[in-house]
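Trainee: Any chance you can model this:
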Amino acid sequence: MSAPARLLQQHRTTVVPEMMKQFKYSSTMAVPHLAKVIVNMGVGAAKEDIKILDGAVEELALVTGQRPSVTRARKSIANFKLRQGMPIGCRVTLRGRRMYEFIDRLVNIALPRVRDFRGVPTKAFDGRGNYTLGITDALIFPELSAGKLERMRGMNITIVTTARTDNEARALLEGLGMPFRKAA
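Mentor: Residues are numbered from 1 along each chain as shown. Sure thing, here's the model as predicted:
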């Protein structure tokens, strides 16, 4: 069996003791941890050309290291020329080692490559300890090269934690290295 992911080691050795001290948890099992990461890529142009969706699936597989599932329209919308069951995007749910490795690459490699990066917004918490981050250009991931891509795509990354409040989730993500914006 291989060694645990670097970010998981950091969580166990530094984040858990800090959070136990900060939030006065009685047990290490009460400390919040990452539950899953969902990476979603919407491809509205796939209704005209299915090859665009194939490219998005390939990109998402390269970035996450896991084959994505194709999402389909739940209901028909005439104004968008959309029929129920048409493929409109793809998504991946990461858990365990892949989840920690993806967050590690996102925080330490991809986000610093964003032009004029000042940190991720702090207002993207949902009130239950989950955080959603929108990325407009997937080229920040080193696995993708500009020469191979036919178009620029963005993605939504949802980090689901076991935290009950946004403050606990923010402390957890800060401990894992998430670069939040400083209040001006």
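Trainee: From residue 176, how far out is the closest residue to residue 136 other than its chain neighbours?
Mentor: Using C-beta to C-beta, 6 or more residues apart in numbering and skipping residues adjacent in sequence, the residue nearest residue 136 is residue 154, 4.5 Å away. Every C-beta, even on glycine, is put in place using the N, C-alpha and C of the backbone. Applying C-beta to C-beta, to the nearest Å, the value for residue 154 to residue 176 is 23 Å.
Trainee: Name the residue in those two with the higher neighbour count.
Mentor: Taking neighbours as other C-beta atoms under 10 Å, residue 154 and residue 176 compare with residue 176 leading, 20 against 11.
Trainee: Counting by contacts, list what the helix or strand where residue 70 lies packs against.
Mentor: Residue 70 belongs to strand 69-72 when elements are defined using DSSP states H and E. Strand 69-72 sits against strand 87-94, with contacts defined as 3 or more C-beta pairs under 8 Å, 6 or more residues apart in numbering; DSSP states H and E.
Trainee: returning to what we had before: buried residues, the strand holding residue 70. List them.
Mentor: 70-71 (16 or more other C-beta atoms under 10 Å).
Trainee: neighbouring strands for it, and are they parallel or not?
Mentor: Here strand 69-72 is paired, per DSSP bridges, with strand 87-94 (antiparallel).
Trainee: Now the element after the strand it pairs with, going C-ward?
Mentor: Next in sequence after strand 87-94, counting helices and strands by DSSP H and E, comes helix 96-105.
Trainee: Taking strand 87-94 as reference, get the angle to that next one.
Mentor: 100 degrees (axes from the mean of the first three to the mean of the last three C-alpha atoms, to 10 degrees).
Trainee: for helix 96-105, packing partners?
Mentor: Checking 3+ C-beta pairs under 8 Å, 6+ apart, helix 96-105 ends up next to helix 6-10, strand 34-42, helix 50-64.
Trainee: residues of that helix that come out buried?
Mentor: 98-105.
Trainee: and the next element down the chain from it?
Mentor: Where DSSP H and E defines the elements, the next helix or strand beyond helix 96-105 is strand 131-135.
Trainee: hang on, the earlier thing: can you lay out the helices and strands packed on helix 96-105 as CSV showing mean pLDDT, mean neighbour count and distance to residue 164?
Mentor: CSV is the format used below for these (pLDDT from 0 to 100; neighbours: other C-beta atoms under 10 Å; distance: least, C-beta to C-beta, whole Å):
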stretch, mean pLDDT, mean neighbour count, distance to residue 164
helix 6-10, 84, 17, 21
strand 34-42, 90, 19, 12
helix 50-64, 82, 19, 28
